[in-house]
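Student: structural data only, the sequence is not supplied:
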């Protein structure tokens, strides 16, 4: 049984601990200068935007973080940095997908082997082992293909939207707006992810100390978009040298549309050539059906 003195000491200790924690919580701490400057950098804002799109509680995120801490750096191979940047996919999520696909590849052959064993078809041990290792290796590199394919589609969409954006900038400049104002107003016209991405980069330049064209140049290097770099060079001429760029912008957008049209025509021709192959095979099969009866009669009548 606890005595009154023990209860009083325990209550006093708890009250003292609560007061100490409250004082410690309310006492202002000296901020870390490096951390404070890092939080004000454009890179930190980009990371926060990417993290907001992909919550940290995702299973792939946790697997990726575990893989980055556990597996050697050379295991991952070449990381498609520009492709991940244009897709706004964190590196940890990309690593998590690779680990998840590899685990799936490790699990499928043993499950199939167990299923065939239950049916009475016993396979040699070598076959499941080789299939497990091979499928895990193939599926480990499958996210590389997925990321590059998605990034290729995203770049094509970015180029199409960028042509319209350049036209909007040219119209704003022709109406008397300044370089920064023209770029920001043009970015606010569209509601696609391309216009939002451009608007975010231009908004950061108001407090990051970069000029809008330097921000677009950095974004072009980050995403691997030479068309955006050309726009940044044109806007630099207007902002720093006061050059008239209306005709240059319209010519650039027209050139981009011509290039995209040529690409679409080449793709259509490629699809047309692929479609001609089944038609040719169908014609060969039809001729074989017509010739086969006569040929069989000739063969049957020969001695």
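Tutor: Cool, the structure landed. The structure presented is a predicted model; accordingly, all values stated were derived computationally and were not measured.
Student: what about residue 265, how many residues nearby?
Tutor: Close neighbours of residue 265, defined as other CB atoms under 10 Å, add up to 10. The way it works is simple: take the backbone N, C-alpha and C, and place the C-beta from them, glycine included.
Student: same question, the one 4 residues further on
Tutor: Other residues within reach of residue 269, judged by other CB under 10 Å, total 10.
Student: what is the three-state secondary structure of residue 210?
Tutor: Put simply, residue 210 is coil when judged by DSSP: H, G, I helix; E, B strand; the rest coil.
Student: ok, it touching residue 218?
Tutor: Yes. The pair residue 210 and residue 218 qualifies as a contact (CB atoms under 8 Å) at a distance of 7.5 Å.
Student: ranges for the helices of the stretch 101-250 of the chain?
Tutor: Secondary structure of the stretch 101-250 of the chain by DSSP state H, counting those that start in this stretch: the helices cover 126-140, 142-174, 179-187, 193-208, 212-223, 226-241, 246-301.
Student: so which of these is nearest residue 93?
Tutor: For residue 93, the closest of the helices of the stretch 101-250 of the chain is helix 142-174, at 9.7 Å, according to CB to CB.
Student: quick check: buried residues in that closest one?
Tutor: Residues 143-144, 147, 151, 154-155, 158-159, 161-173 are the ones in helix 142-174 that count as buried (16 or more other CB atoms under 10 Å).
Student: that helix vs helix 246-301, what angle?
Tutor: Between helix 142-174 and helix 246-301, the angle comes out at 140 degrees (axes from the mean of the first three to the mean of the last three CA atoms, to 10 degrees).
Student: got the contact list for the most centrally placed residue in the chain?
Tutor: With distances taken as CA atoms, centre = their mean, the chain has residue 87 as the residue nearest its mean C-alpha position (2.2 Å). Residues near residue 87 by CB atoms under 8 Å, 6 or more residues apart in numbering: 147, 150, 151, 154.
Student: tabulate those residues in JSON lines, adding columns for pLDDT and distance to residue 235.
Tutor: Formatted as JSON lines, the contacts of residue 87 follow (pLDDT from 0 to 100; distance: CB to CB, whole Å):
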{"residue": "147", "pLDDT": "93", "distance to residue 235": "30"}
{"residue": "150", "pLDDT": "92", "distance to residue 235": "29"}
{"residue": "151", "pLDDT": "92", "distance to residue 235": "25"}
{"residue": "154", "pLDDT": "91", "distance to residue 235": "23"}
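Student: between these, which sits nearest residue 78?
Tutor: The shortest approach to residue 78 among those belongs to residue 147, at 11.4 Å (CB to CB).
Student: quick check: chain neighbours aside, which residue is closest to that closest one?
Tutor: residue 83 (4.9 Å; CB to CB, 6 or more residues apart in numbering).
Student: surely the one you found touches residue 148?
Tutor: Yes. Taking CB under 8 Å as the definition, residue 83 is a contact partner of residue 148 at 5.6 Å.
Student: so where do the strands sit in the stretch 1-150 of the chain?
Tutor: With DSSP state E, counting those that start in this stretch as the criterion, the stretch 1-150 of the chain has no strands.
Student: low pLDDT regions in it?
Tutor: Where the stretch 1-150 of the chain drops to pLDDT under 70, the residues are 1-9, 24-25, 27-57.
Student: okay if I get the contacts of residue 87 as CSV plus distance to residue 194?
Tutor: Shown next, in CSV, are the contacts of residue 87 (distance: CB to CB, whole Å):
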residue, distance to residue 194
147, 19
150, 15
151, 14
154, 9
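Student: returning to that earlier point: any idea how many residues pack against the residue nearest to residue 147?
Tutor: Neighbourhood size, residue 83 [other CB under 10 Å]: 22.
Student: from residue 169, how far out is it?
Tutor: Distance check for residue 83 against residue 169: by CB to CB, to the nearest Å, it reads 27 Å.
Student: repeat for residue 221
Tutor: Following CB to CB, the distance that separates residue 221 from residue 169 is 20 Å.
Student: ditto for residue 235
Tutor: Applying CB to CB, the value for residue 235 to residue 169 is 8 Å.
Student: what do the two both touch?
Tutor: Joint contacts of residue 235 and residue 169 (CB under 8 Å, 6+ apart) are residue 183.
Student: sorry, back to before: any idea how far the residue nearest to residue 147 is from residue 192?
Tutor: Here residue 83 is placed at a distance of 19 Å from residue 192 (CB to CB).
Student: repeat that for residue 60.
Tutor: Residue 60 sits 26 Å away from residue 192, going by CB to CB.
Student: ditto for residue 259
Tutor: As judged by CB to CB, residue 259 and residue 192 stand 20 Å apart.
Student: ok, back up a step: would you single out the least confident of the helices of the stretch 101-250 of the chain?
Tutor: Sorting the helices of the stretch 101-250 of the chain by mean pLDDT places helix 246-301 lowest, at a mean of 79.
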